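J.: predicted model and sequence below, questions to follow.
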Amino acid sequence: MTEPLRIGNASGFYGDRFDAVREMLTDGPLDVLTGDYLAELTMLILGRSRLKDPGRGYATTFLRQLEEGLGLAHQHGVKIVTNAGGLNPAGLADAVRELAAKVGVPVSVAHVEGDSLPVPDGFLTANAYLGGAGIAACLRSGADIVVTGRVTDAALVTGPAAAHFGWGPEDHDVLAGAVVAGHVLECGTQATGGNYSFFRGHDIRRPGFPLAEIHADGSSVITKHDGTGGVVDLGTVTAQLLYETGGARYAGPDVTARLDTVRLSPDGPDRVRISGVRGEAPPPTLKAGLTRLGGWRSEVVFVLTGLDIEAKAQLVRDQIADAFARAGRRPEEVRWELVRTDRADAATEETASALLRLVVRDQDPEAVGRALSGAAIELALGSYPGFHVTAPPGKGAPYGVFEARYVPAEDVTHLAVLPDGRREVQAPPARTQVLSDAEQPMLPEPLPAGPTRSAALGLVAGARSGDKGGDANVGVWVRSEAAWRWLAHELTVERLRELLPETAGLTVVRHVLPNLRALNFTVHGLLGEGVAAQHRFDPQAKAVGEWLRSRRLEIPVALLSPQDSADAPEVHA
């Protein structure tokens with residue numbers, strides 16, 4: 001095959017833009033349309049859904065999207081590959097067949113299973129992250145639609161590419177290229193200008209979803225359908241490459257991709273070429289995600305207005321502590337956060353107000369429900385002046401915990417269930433390589449000494465951050481070689497700790513990616529027990545990168561634009 005394989009994405013999470021399936025099928029040519037519906041939190045949601053109805057456990061939104069998309073895909077000859085099967089891929093595959101019969105569209109449906117693992121006591125779900133081999137087997141057998149459970153996000157691309165080009169499990173370089181393309185596509189419009197640091201330079205009111213033109217040599221071009229919104233450029237692709245990754249070795253069940261070999265280059269308007277990617281044998285283990293209910297949580301936000309904000313906050317803390325003591329029960333975890341959104345001499349009441357957030361957790365729902373609501377509401381007429389809350393506290397809500405473990409690949413039966421019902425086991429990799437840290441690359445020559453100004457890091461650097469279990473990753477990149485020579489030496493782990501005091505006491509690891517002019521930091525433990533536990537007010541660390549960009553440090557004047565220099569404080573020699 002010499003023609004590139006055009007793979008598009010229509011979903012980055014369960015709840016993404018509903019019309020994206022129709023838009024991707026009608027706005028331009030495609031060969032394969034993928035949809036990523038599974039995140040760590042989603043598995044917990046689907047687990048609770050399955051408890052209520054054993055026949056569910058899959059993303060029902062996908063079925064509703066197919067009511068129109070099925071006919072369009074058949075009309076345009078587009079294959080559909082999705083992990084919307086969640087905890088019940090066989091159930092979703094049957095539901096797709098029923099829908100196809102109902103709307104009169106002849107389709108061949110297959111699914112991939114085997115990711116489900118024995119669930120340990122106390123847990124709700126346990127699933128291994130499978131690779132793309134089962135997807136490839138289904139497509140080779142003639143499937144039009146392939147439904148999977150828990151596979152890696154990139155497997156939605158490596159599977160179709162391997163089937164199309166005839167790649168085998170030892171073709172590590174080309175597979176690694178597909179993994180990198182898949183990682184760019186997996187979060188949908190984050191590759192086309194969504195959640196992008198330099199958003200002001202583009203119209204991203206309704207960004208189009210991305211697609212990749214995959215070539216037989218493993219290279220690809222990231223683009224979008226002509227006429228759709230957003231932008232694809234070196235920055236948007238770099239940002240997504242850094243999202244939820246870590247060091248130079250990006251391990252998966254198909255291959256370990258070397259992110260330090262990735263080369264990006266412009267390929268025309270809204271087109272970025274990815275080339276040079278090298279791959280290594282995958283590790284001998286598969287990542288497995290386990291979810292469980294961690295307990296119960298509740299929160300209340302007190303509004304503090306005008307003068308004496310700190311004293312008002314202390315009064316509420318003391319009164320709540322006294323109420324818990326009188327009740328004879330203090331929740332296991334009590335967290336206070338005072339957010340100083342107030343301004344002096346404010347023109348509106350809202351801008352004169354600060355927010356005091358109380359979050360409690362306990363194994364007993366009563367301790368975070370009635371006990372908290374009673375303690376908070378009873379203060380209404382006997383606390384600080386101007387007492388009110390953003391909403392009355394309700395019953396406690398359950399929260400979840402995600403845990404990552406690793407299991408030997410040979411212990412997991414990766415199974416492709418073909419359209420004719422045959423069940424084809426996918427062999428684990430014949431050759432593996434234990435994952436280890438890559439050698440740290442040499443840093444560039446530092447910039448010569450010169451005048452600096454105190455300015456926000458975001459004037460010269462972009463960032464994107466996200467979550468992996470309880471850890472946060474923060475990727476930072478710059479757009480010029482001069483800025484890279486400065487950033488690589490300036491933004492050390494120690495400097496990051498100074499700029500982000502919340503990281504104090506946590507393990508922070510810095511990874512250097514010179515080809516991308518980027519640094520990627522992993523902050524271990526910042527998110528506690530993960531997104532489902534709602535440990536902090538930004539539980540997925542989505543805005544940690546933008547917080548970092550807002551922090552001030554001494555930046556060489558030569559890197560600042562004339563406007564930036566004019567707005568910044570005085571020059572320091």
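T.: Everything's here; your move. Numbers count the residues shown, from 1 in each chain.
J.: output the below-cut-off pLDDT ranges for the stretch 401-550 of the chain.
T.: Across the stretch 401-550 of the chain, the ranges flagged by pLDDT under 70 are 531-535.
J.: again, only using 90
T.: 401-402, 440, 468-470, 527-540 (pLDDT under 90).
J.: and the strands in it?
T.: 414-417, 423-426, 452-456, 461-468, 471-478, 508-513, 518-523 (DSSP state E, counting those that start in this stretch).
J.: take those strands and lay them out in CSV including mean neighbour count and distance to residue 112.
T.: Backbone N, C-alpha and C define where each C-beta goes, glycine included. What follows is the strands of the stretch 401-550 of the chain, written out as CSV (neighbours: other CB atoms under 10 Å; distance: least, CB to CB, whole Å):
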stretch, mean neighbour count, distance to residue 112
strand 414-417, 23, 6
strand 423-426, 16, 9
strand 452-456, 18, 46
strand 461-468, 24, 23
strand 471-478, 25, 28
strand 508-513, 19, 32
strand 518-523, 24, 30
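J.: closest one to residue 398 among these?
T.: strand 461-468 (19.5 Å; CB to CB).
J.: so in the chain, which helix runs the longest?
T.: Secondary structure of the chain per DSSP state H: the longest helix is helix 309-327.
J.: can you name every helix or strand that the helix or strand that that helix is followed by contacts?
T.: Next in sequence after helix 309-327, counting helices and strands by DSSP states H and E, comes strand 333-339. Counting by 3 or more CB pairs under 8 Å, 6 or more residues apart in numbering; DSSP states H and E, the packing neighbours recorded for strand 333-339 are helix 309-327, strand 353-362.
J.: in TSV: the strands of the stretch 401-550 of the chain, plus distance to residue 136.
T.: As requested, the strands of the stretch 401-550 of the chain are exported to TSV (distance: least, CB to CB, whole Å):
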stretch	distance to residue 136
strand 414-417	8
strand 423-426	9
strand 452-456	47
strand 461-468	26
strand 471-478	29
strand 508-513	29
strand 518-523	30
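J.: need the residue closest to the centroid of the chain.
T.: By CA atoms, centre = their mean, the chain has its centre lying nearest to residue 466, at 5.5 Å.
J.: once you drop chain neighbours, what's closest to that residue?
T.: Counting by CB to CB, 6 or more residues apart in numbering, residue 244 is the residue found nearest to residue 466 once chain neighbours are left out, at 4.3 Å.
J.: cool, residue 436 as well?
T.: residue 249 is the one closest to residue 436 (CB to CB, 6+ apart), at 7.6 Å.
J.: same check, this time on residue 90
T.: Nearest residue to residue 90, sequence neighbours excluded (CB to CB, 6+ apart): residue 111, at 5.8 Å.
J.: now do the contacts for the one you found.
T.: 85, 89-90, 92-93, 138, 146-148, 417 (CB atoms under 8 Å, 6 or more residues apart in numbering).
J.: now intersect these with the helices, please.
T.: 89-90, 92-93, 138.
J.: want to throw those residues into TSV with neighbour count?
T.: Shown next, in TSV, are the ones in helices among the contacts of residue 111 (neighbours: other CB atoms under 10 Å):
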residue	neighbour count
89	30
90	15
92	28
93	24
138	30
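J.: average pLDDT across stretch 225-245?
T.: Computed over stretch 225-245, the mean pLDDT rounds to 97.
J.: what bridges to the residue nearest to the centre of the chain?
T.: residue 473 (DSSP bridges).
J.: give the contact list for it.
T.: So residue 466 contacts 243-244, 472-473, 540-542 (CB under 8 Å, 6+ apart).
J.: what's the neighbour count on the residue lying closest to residue 430 once chain neighbours are set aside?
T.: Spatial nearest neighbour of residue 430, excluding adjacent residues (CB to CB, 6+ apart): residue 169 at 7.0 Å. Neighbour count for residue 169, taken as other CB atoms under 10 Å: 21.
J.: distance of residue 169 from residue 140?
T.: Residue 169 is 14 Å from residue 140, where distance means CB to CB, to the nearest Å.
J.: now residue 164
T.: 9 Å.
J.: neighbour-wise, which of these two wins?
T.: Taking other CB under 10 Å, residue 164 and residue 140 do not tie; residue 164 has more neighbours (21 against 16).
J.: among the helices and strands packed on strand 333-339, which is the most enclosed?
T.: strand 353-362 (a mean of 21; mean count of other CB atoms under 10 Å).
J.: ok, that strand: who's next to it in the sheet?
T.: Using DSSP bridges, the strands paired with strand 353-362 are strand 285-305 (antiparallel), strand 333-339 (antiparallel).
J.: mean neighbour count and mean pLDDT added to the ones you listed, as JSON lines?
T.: Formatted as JSON lines, those follow (neighbours: other CB atoms under 10 Å; pLDDT from 0 to 100):
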{"stretch": "strand 285-305", "mean neighbour count": "21", "mean pLDDT": "94"}
{"stretch": "strand 333-339", "mean neighbour count": "15", "mean pLDDT": "94"}
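J.: possible to save those strands as a markdown table with distance to residue 232?
T.: A markdown table is the format used below for those (distance: least, CB to CB, whole Å):
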| stretch | distance to residue 232 |
| --- | --- |
| strand 285-305 | 29 |
| strand 333-339 | 36 |
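J.: write the PyMOL selection for whichever of the contacts of residue 466 are buried.
T.: Selection of buried members from the contacts of residue 466 for PyMOL, criterion 16 or more other CB atoms under 10 Å:
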select buried, resi 243+244+472+473+540+541
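J.: and the contacts of residue 466, which is closest to residue 413?
T.: Nearest to residue 413 out of the contacts of residue 466 is residue 244 (CB to CB; 27.5 Å).
J.: pretty sure the closest one is touching residue 471, no?
T.: No - Residue 244 is beyond contact range of residue 471, at 9.6 Å (criterion: CB atoms under 8 Å).
J.: could the contacts of residue 111 be laid out in JSON lines, adding distance to residue 431?
T.: Output for these, formatted as JSON lines (distance: CB to CB, whole Å):
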{"residue": "85", "distance to residue 431": "29"}
{"residue": "89", "distance to residue 431": "28"}
{"residue": "90", "distance to residue 431": "31"}
{"residue": "92", "distance to residue 431": "33"}
{"residue": "93", "distance to residue 431": "32"}
{"residue": "138", "distance to residue 431": "24"}
{"residue": "146", "distance to residue 431": "26"}
{"residue": "147", "distance to residue 431": "29"}
{"residue": "148", "distance to residue 431": "24"}
{"residue": "417", "distance to residue 431": "27"}
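J.: what is the nearest of these to residue 4?
T.: After measuring the contacts of residue 111 against residue 4 - CB to CB - the closest member comes out as residue 146, at 20.2 Å.
J.: who touches residue 11 in this structure?
T.: Per CB under 8 Å, 6+ apart, neighbours of residue 11: 17, 20-21, 35-37, 62, 82, 84, 188.
J.: same question, residue 195
T.: Taking CB under 8 Å, 6+ apart, one finds 239, 464, 542 in contact with residue 195.
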